[in-house]
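Participant: here are the coordinates; sequence isn't available:
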């Protein structure tokens, strides 16, 4: 049985986040689950980010600054770099500009603590979209929780890393990373659905902040907004970065996959070689979905170019 005293490592990758960092760390300090430590690594901030973090660390020993002058020039690479310093039984990433509700860690911890720990385990919750430039809280950060690997291969992304709490087994797999990773949360989502158990907790656990300087792409918070994005003809079926990451993931991990997972990837990659209408029929007869709906994926295949590079010719 897992004991209450075991800690959670929270990984905070920072870069010029002075406007929001104090509010975010304060939301960690007010968590009802208190057995955590915060590992902070900065990527070369030129504002007061690290001065503010240092000030908070001076009065809270759970805040640990990793000051090694390593610069990754990427939020995703910074999070993956931080993974090597995590030693706790469970790990979660933390964006510098969100606001966590006080029960977030406790709810996710309760959802994972009694699950079998000899396999990769990951649990994730939802969040409200917070458009801080307008003050609007609307929609949810996870619109359609994926149920299977087939639900994410066409997604061009993954569940937000700041929503996922995962165990040591999963951390070990992620540390043994592929040659190319598009985003850390894309890697986390793929590892969980390929090798372990990925459990959705249907609770709203944070304000997922969106603003003019957000590092990740713009996101829609409800089905209407998703539809508007879908109707944007500039967006391809698959963007080149995520497709390359999927290829790299498969080549790196394929010998450790079960046969059924290898077949899923092989079927997915075979679609690339088909023309538009054969792709349509292949997906129609397959288990692949987008936002847990097959018809959305079928419509996208019919209406869009398959790869981003095709739009640039």
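Facilitator: Received the coordinates, thanks. Keep in mind the model is a prediction, meaning the values are calculated, not measured.

Participant: the residue lying closest to residue 43 once chain neighbours are set aside: how many residues sit nearby?
Facilitator: Once flanking residues are discounted, residue 43 sits nearest to residue 15: 4.3 Å by CB to CB, 6 or more residues apart in numbering. Every residue, glycine included, has its C-beta placed from N, CA and C. The local packing of residue 15 (other CB atoms under 10 Å) involves 21 other residues.

Participant: which residues touch residue 15?
Facilitator: Contact partners of residue 15, counting by CB atoms under 8 Å, 6 or more residues apart in numbering, are 42, 43, 44, 45, 49, 75, 78, 96, 215.

Participant: ok, the second one - contacts?
Facilitator: The reference is to residue 43. Each residue near residue 43 by CB under 8 Å, 6+ apart is listed here: 13, 14, 15, 71, 72, 73, 74, 75, 78.

Participant: of these, which is the nearest to residue 144?
Facilitator: residue 75 (24.2 Å; CB to CB).

Participant: verify the contact between that closest one and residue 11 for me.
Facilitator: No. Residue 75 is beyond contact range of residue 11, at 11.2 Å (criterion: CB atoms under 8 Å).

Participant: from the opening residue of stretch 22-38 to its closing one, how far?
Facilitator: Distance across stretch 22-38, first residue to last, is 13 Å (CA to CA, to the nearest Å).

Participant: other residues contacting the helix ranked longest in the chain?
Facilitator: Taking DSSP state H as the criterion, the chain has its longest helix at helix 240-253. If you take CB under 8 Å, 6+ apart as the criterion, helix 240-253 is touched by 153, 155-157, 173, 177-183, 186-187, 190, 194-195, 265, 268-269, 307-309.

Participant: and the following helix or strand past it, what's buried?
Facilitator: Per DSSP states H and E, the first helix or strand lying C-terminal to helix 240-253 is helix 259-270. Within helix 259-270, the residues scored as buried using 16 or more other CB atoms under 10 Å are 261, 262, 264, 265, 267, 268.

Participant: just among the contacts of residue 43, which is most surrounded?
Facilitator: residue 13 (27 neighbours).

Participant: where does this structure dip in pLDDT?
Facilitator: Residue ranges of the chain with pLDDT under 70: 1-6, 211-234, 308-313.

Participant: what segments of the stretch 201-313 of the chain are helices?
Facilitator: Taking DSSP state H, counting those that start in this stretch as the test, the helices found in the stretch 201-313 of the chain are 223-230, 240-253, 259-270, 276-284, 294-303.

Participant: residue 96 reaches residue 12, doesn't it?
Facilitator: Yes. Counting by CB under 8 Å, residue 12 is a contact partner of residue 96 at 6.4 Å.
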